[in-house]
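>>> can't give you the sequence, but here's the structure:
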DNA sequence: AAAGCACAGTTATAACTTCTAACGAACACG
DNA sequence: CGTGTTCGTTAGAAGTTATAACTGTGCTTT
């Protein structure tokens, strides 16, 4: 995952402790959310005293940033693996939902409430591009038709996010709709907004996916 | 907004101070997000010392809960006012986006990342029902057609969230799609996921809305 | 292999936070 | 005009992040 050459034994140890810290941090986040993540609690859980963790992470922010990085990478890997295994757009949607339900807080770490001041590091936007690229690859298989909309014209000019992908505007539009609609259902499901309504989120998700796959015009 | 009868002068004063505290809390949240909301900072900003706020709120959690309550009420009022002013579904969508852009953190307080342990108080779900009711009223004007889907059958049986609204399943479906799709675009816009891509969120929002309004079969 | 040094983990400390407790003072009410 | 409720204060407990200084252990280098 990280540096592929843990040459010296010190680096091996260091990498392992870092991974262990992140492991405990994920547990705490899954249990009580990001705001409840406490460096001290992680240290206590590891049987090590407070400031020891500062040898491995500059602070709470850097740890969280690292977790965000890992979350992006995990989603990108999941997408790429699914696509490589022959999954079509529906398969990608299924993989996305599986991945999100597996650890909702991890999903929210990427697509949840942003902190006003915070800006994601440069490499995460690159991984984010990989995610979109895989999605575009899958969407390219769908028939790109329909009349040109104002959005299509806009997308024709602003396609830098597609990272050089040769998809036509209609496909870009399709991929964007995919992203926003599935995120719409998924984020509300993960936030528990349907559980109080007695609605089965899986059916709603399937309905949205079906609508995307059988898109008219 | 709150209790409509501030009889005694003490109650008047108390209500005003509570409102002032919430005002400052909103500013802090808008500036740095919910996790950065500090009782102490609010007190300092009001020229009053720390524990004084505990006369008005039992603690940080109760203050945040109150802010969530106000956010729900604000959205419900906005929706109802727009509908009463003759807005159709498109008008409601416009009102929603305006309301969200006005204070993104307020939107995320309702539809953002949930805290695993937290459960919203009972009265907020009632206000949430009002929001859905207004949306259903607006959706009722749209032609409810199309073949019955598995989701429609499911909605026929689980329509308690519609709060006795006589809308047919197709309309319930329409309202849900409205909610999830607009939330999908809006939340990603507010989180800044489009700004790095060079995409105009307004166009994407408009495209999704148009697709909802000209829904086929 | 032995000497030296780099680094892990420790305790102590500072500056924060929420929140409780006890005290003084001001203001409303009978 | 007293009497009391309530407000705001200061003091303090328990928690947090983060820094600084110190002590070993063990890797690394000669």
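Sure thing, it's come through. What you see is a predicted model; the values in this text were computed from it and never measured. Numbers count the residues shown, from 1 in each chain, chains lettered A, B, ... in the order given.

>>> going forward, measure contacts and count neighbours with C-alpha atoms only.
Fine.

>>> excluding its backbone neighbours, what's nearest the residue in chain A that chain B sits nearest to?
Of all residues in chain A, the one sitting closest to chain B is residue A:184 (3.7 Å; C-alpha to the nearest C-alpha). Among residues not flanking residue A:184 along the chain, residue B:184 sits closest, at 3.7 Å (C-alpha to C-alpha, 6 or more residues apart in numbering or on different chains).

>>> right, and the helix or strand after whichever strand or helix holds the one you found?
Applying DSSP states H and E as the criterion places residue B:184 in helix B:169-190. Next helix or strand after helix B:169-190 toward the C-terminus (DSSP H and E): helix B:201-213.

>>> check whether that next one contacts chain A.
Yes: Helix B:201-213 reaches chain A (C-alpha under 8 Å from any C-alpha of the partner chain) through B:203-204, B:207-208.

>>> what is the nearest of those to DNA strand D?
Using C-alpha to the nearest atom of the strand, residue B:204 comes nearest to DNA strand D of those, at 37.3 Å.

>>> in this structure the residue of chain A closest to chain B contacts residue B:185, no?
Yes: contact criterion C-alpha atoms under 8 Å: residue A:184 and residue B:185 qualify, at 7.4 Å.

>>> give me every residue in chain A lying close to chain B.
Counting by C-alpha under 8 Å from any C-alpha, the positions of chain A adjacent to chain B are A:30-33, A:35, A:108, A:111-117, A:150-151, A:154-155, A:158-161, A:177, A:180-185, A:188, A:191, A:196-200, A:203-204, A:207-208, A:216.

>>> just the buried subset of those residues, please.
A:30, A:32-33, A:108, A:111-116, A:151, A:154-155, A:159, A:161, A:177, A:180-185, A:188, A:191, A:199, A:203-204, A:207-208 (16 or more other C-alpha atoms under 10 Å in any protein chain shown).

>>> which residues of chain A lie near DNA strand D?
Selection of chain A residues close to DNA strand D by C-alpha under 7 Å from any atom of the strand yields A:8-10, A:37-41, A:50-51, A:54, A:58-61.

>>> tell me the least confident of those residues?
On pLDDT alone, residue A:9 ranks lowest of the residues of chain A next to DNA strand D, at 75.

>>> please enumerate the strands of chain A.
All residues of chain A lie outside strands when identified by DSSP state E.

>>> spell out which parts of it neighbour DNA strand C.
Near DNA strand C, when you scan chain A using C-alpha under 7 Å from any atom of the strand, you find A:10, A:14, A:47-53, A:55.

>>> farthest pair in the residues you listed?
Spanning the widest gap among the residues of chain A next to DNA strand C are A:10 and A:50, at 21.0 Å by C-alpha to C-alpha.

>>> neighbour count winner among these two?
The neighbour comparison of residue A:10 against residue A:50 (other C-alpha atoms under 10 Å in any protein chain shown) goes to residue A:50, with 13 against 10.

>>> from residue A:39, how far off is the more buried one?
Applying C-alpha to C-alpha, to the nearest Å, the value for residue A:50 to residue A:39 is 7 Å.

>>> show me the shaky parts of chain A.
Low-confidence segments of chain A, defined by pLDDT under 70: A:1-6, A:216-217.

>>> outline the domain layout of it.
Using automatic domain parsing, the domains assigned to chain A come out as A:1-57, A:71-213.

>>> what would these look like in a markdown table with distance to residue B:138?
What follows is those, written out as a markdown table (distance: least, C-alpha to C-alpha, whole Å):
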| stretch | distance to residue B:138 |
| --- | --- |
| domain A:1-57 | 36 |
| domain A:71-213 | 20 |
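
>>> most neighbours per residue, which of these?
Of all the domains of chain A, domain A:71-213 carries the top mean neighbour count, a mean of 18, counting by mean count of other C-alpha atoms under 10 Å in any protein chain shown.

>>> these two touch, right, the residue nearest to residue A:184 and residue A:182?
Yes: with contact defined as C-alpha under 8 Å, residue B:184 counts as touching residue A:182 (7.4 Å).

>>> what are the ranges of the helices in chain A?
A:9-32, A:39-45, A:60-84, A:89-102, A:104-111, A:122-139, A:150-157, A:169-190, A:201-213 (DSSP state H).

>>> helices or strands up against the first one?
Secondary-structure packing of helix A:9-32 (3 or more C-alpha pairs under 8 Å, 6 or more residues apart in numbering or on different chains; DSSP states H and E): helix A:39-45, helix A:60-84, helix A:104-111.

>>> let's see that with 7 Å instead.
helix A:39-45 (3 or more C-alpha pairs under 7 Å, 6 or more residues apart in numbering or on different chains; DSSP states H and E).
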